[in-house]
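K.L.:
Sequence plus the predicted model coming up.
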Amino acid sequence: MLTVSVALVLAIILVLLLFRRVQARSRIDQTMVILLALVLGVLIAPTGLGQAIVNGMAQISQGISRIGQ
């Protein structure tokens, strides 16, 4: 049996939409890209990859805040 990850399909669609020609985008296209990015974020967040991304971003932001002090 073949299983397909919804997050993977959304990531592929999002990449295809982002690499389209910029001149041809309408407001509806831009809204769809934003919504797909948000849904992809929600799907990835509870996974191990999502937690690793959050932890990495937290470390980077802590490092930047330490530099500013």
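P.N.:
Received, thanks.

K.L.:
What ranges does the protein have for its helices?
P.N.:
Defined through DSSP state H, the helices belonging to the chain, from first to last, are 6-18, 27-44, 48-68.

K.L.:
Now for Ile64, how many residues are close by?
P.N.:
Taking other Cβ atoms under 10 Å as the criterion, the count of residues near Ile64 is 9. For the C-beta atoms, the positions are set from N, CA and C on the backbone; glycine is no exception.

K.L.:
if we can go back for a sec, can the helices of the chain go into TSV with extra columns for mean pLDDT?
P.N.:
Formatted as TSV, the helices of the chain follow (pLDDT from 0 to 100):
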stretch	mean pLDDT
helix 6-18	82
helix 27-44	80
helix 48-68	82
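
K.L.:
residue contacts, Ala37?
P.N.:
When contacts are counted by Cβ atoms under 8 Å, 6 or more residues apart in numbering, Ala37 is found next to Leu14.

K.L.:
rerun that using 6 Å as the cut-off
P.N.:
Ala37 is in contact with no residue at all, counting by Cβ atoms under 6 Å, 6 or more residues apart in numbering.

K.L.:
Please shift the residue numbers so they start at 18 in all later answers.
P.N.:
Shifting the count to begin at 18 puts that one at Ala54.

K.L.:
mind saving the C-alpha coords of stretch 23-33 as PDB?
P.N.:
Listed next in PDB are the C-alpha coordinates belonging to stretch 23-33 (Å, rounded to 0.1, in the frame of the first residue of the first chain):
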ATOM      1  CA  VAL A  23      -0.300  15.600   2.900                       C
ATOM      2  CA  ALA A  24       2.500  17.900   4.100                       C
ATOM      3  CA  LEU A  25       4.800  16.700   1.300                       C
ATOM      4  CA  VAL A  26       2.100  17.300  -1.300                       C
ATOM      5  CA  LEU A  27       1.500  20.800   0.100                       C
ATOM      6  CA  ALA A  28       5.200  21.500   0.100                       C
ATOM      7  CA  ILE A  29       5.500  20.500  -3.500                       C
ATOM      8  CA  ILE A  30       2.500  22.600  -4.500                       C
ATOM      9  CA  LEU A  31       3.800  25.600  -2.500                       C
ATOM     10  CA  VAL A  32       7.200  25.400  -4.200                       C
ATOM     11  CA  LEU A  33       5.600  25.200  -7.700                       C
END
